[in-house]
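In: Provide a 3D model corresponding to the input given below.
(one chain, ligands or ions: 1)
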Amino acid sequence: MIRFGPAGIPLGCEGGTLKGVEYCKKIGLGAMEVEFVRGVKMGRETALAVGKKAKELGIALSCHCPYWINCCAKEPQKLDASVRNLMETARAAQALGASPIVFHPGFYMGRSGAQCRPLVVQTLQRVLGKMQEEGIKGVALGAELTGKHSAYGNLEEIMGLAQEFGLERCQPVVDYGHYHARIGRLRGKKDFEKILDAMERELGGGVGKNFHCHFSEISYSDAGELSHLELGHDEPPFAPLAEAFAQLGWGGRVICETPMLEVDALKLQKIWLKAAKP
Ligand SMILES: [Zn+2]
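Out: Numbering: from 1, shown residues only. Now for the predicted structure:
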């Protein structure tokens, strides 16, 4: 089973996150990502209320961490701030009953991936240690596949983090729009299968049991992503991915990050339902 949902409060919904959860249920979606991209501003009471509602309605929640996280920053105070932002999101996620907390790992700033990796691992280790200290359970880190060549987080790098910490603590969050813009053009089922096969090979079959990913169409330049586009340009197409998911029996969540949020999430769901039909 795959659940679909918007990245943030649906466009057609008036009100906050709680209303957003109700709206997703009303229109027939099964997931929603709570966006903390400009900071975690949700209070604990609200998070608990939203989490209760989501559980009651069967809407699976995840969170997106603030954009300014950089787990391989050169300045110690920026690393501290990254740990702080990840922890604030993790605390909110626990109250929400949400997982994973998706984050963009960092920026190379002139260094190679191999040079950045130890610092990224060390920063995430600090976060996971603090989560354990605070008794935060059931919240995984979600290392997102990033869209720009300047950003840490290609497919190998996010798989490497999942290998380092284990899938329960750190999942790879593939953003297919980002992959399309940055790594290789995704056109047919084979292109998508290659990604899923690589993950099964590196992380074991368990990776496809509860997989979390982002989908959006995208415009790009030589530097990678420019902006997210609504569905309809086949940049990349979703149907071949839906077929690959169905064929390999993968389940989990697809979060729609196009500008049309829930409208396109419903379209993705429809395409998947067609592909998954026996
Ligand atoms: Zn993201």
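In: what's the spacing between residue 21 and residue 38?
Out: According to C-beta to C-beta, to the nearest Å, residue 21 and residue 38 sit 20 Å apart. Where you see a C-beta, it was placed from the backbone N, CA and C, and this is true even at glycine.
In: Which of those two has more residues huddled nearby?
Out: residue 21 (30 against 9; other C-beta atoms under 10 Å).
In: So residue 58 sits against residue 29, correct?
Out: No: using C-beta atoms under 8 Å, residue 58 makes no contact with residue 29, being 10.5 Å away.
In: Those two: which has the busier surroundings?
Out: Neighbour tally, residue 58 and residue 29, criterion other C-beta under 10 Å: the higher count belongs to residue 29, 24 against 10.
In: Check whether that one really touches residue 267, as I assumed.
Out: No: if you go by C-beta under 8 Å, residue 29 and residue 267 don't touch, sitting 11.3 Å apart.
In: beta partners of residue 173?
Out: Note on residue 173: beta-bridge partners by DSSP bridges are residue 144.
In: What count of nearby residues applies to it?
Out: Using other C-beta under 10 Å: residue 173 sits among 28 other residues.
In: What count of nearby residues applies to residue 62?
Out: Neighbour number of residue 62 under other C-beta under 10 Å is 24.
In: Check residue 230 too.
Out: 15.
In: Can you name the residues that contact it?
Out: Shown in contact with residue 230 (C-beta atoms under 8 Å, 6 or more residues apart in numbering): 217, 258, 259, 260, 264.
In: what's the answer for residue 82, then?
Out: 68, 69, 70, 71, 73, 106, 123.
In: Secondary structure element holding the fourth one?
Out: What it means is residue 71. Using DSSP states H and E, residue 71 sits within no helix or strand.
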